[in-house]
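1. Have a look; sequence and predicted model below, questions after that.
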Amino acid sequence: MALSQQQKEAIRDALLAIDDPYYFNTFKNAQDEDEWMRINEAYIQSDLQRLMPEGFDTRDLDVWRVIRRFLKQYDE
């Protein structure tokens, strides 16, 4: 299921509310960032679930893609 623009904006707004230095990493390159995301994916999904609007599951592939896109410093 593809997410609507409104759903993507709801995810973006939830992520903008993050006040946790864990998510404010900067990376030298896309490979380092991808590796960090891969290693920490389960933790990030679990941790961010508490911030998501009702009805969003961070483990849902479409939701996770949007979250990754908003969190990443480098484009995929």
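-> Cool, the structure landed. Please read these numbers as outputs of a predicted model, since none were measured by experiment. Numbers count the residues shown, from 1 in each chain.

2. Give me the residues contacting the helix or strand encompassing residue 6.
-> Per DSSP states H and E, residue 6 falls inside helix 5-16. Defining contact as Cβ atoms under 8 Å, 6 or more residues apart in numbering, one finds that helix 5-16 is touched by 3, 48, 51-53, 56, 63, 66-67, 70-71. C-beta: built from backbone N, CA, C; applies to glycine.

3. buried set for it?
-> 7-8, 10-11, 14-15 (16 or more other Cβ atoms under 10 Å).

4. Distance to residue 25 and pLDDT for those residues - can I get that in TSV?
-> Below are these laid out as TSV (distance: Cβ to Cβ, whole Å; pLDDT from 0 to 100):
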residue	distance to residue 25	pLDDT
7	26	96
8	22	97
10	24	97
11	19	96
14	19	95
15	14	95
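
5. could those go into JSON lines alongside distance to residue 39?
-> As requested, the buried residues of helix 5-16 are exported to JSON lines (distance: Cβ to Cβ, whole Å):
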{"residue": "7", "distance to residue 39": "27"}
{"residue": "8", "distance to residue 39": "25"}
{"residue": "10", "distance to residue 39": "27"}
{"residue": "11", "distance to residue 39": "22"}
{"residue": "14", "distance to residue 39": "23"}
{"residue": "15", "distance to residue 39": "19"}
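
6. Tell me where the model's unsure across this structure.
-> Along the chain, segments meeting pLDDT under 70 span 1, 76.

7. farthest residue from the center of it?
-> Distance from the centre of the chain peaks at residue 28, with 19.2 Å (Cα atoms, centre = their mean).

8. Quick check: that one vs residue 3, distance?
-> Distance, residue 28 to residue 3, by Cβ to Cβ, to the nearest Å: 31 Å.
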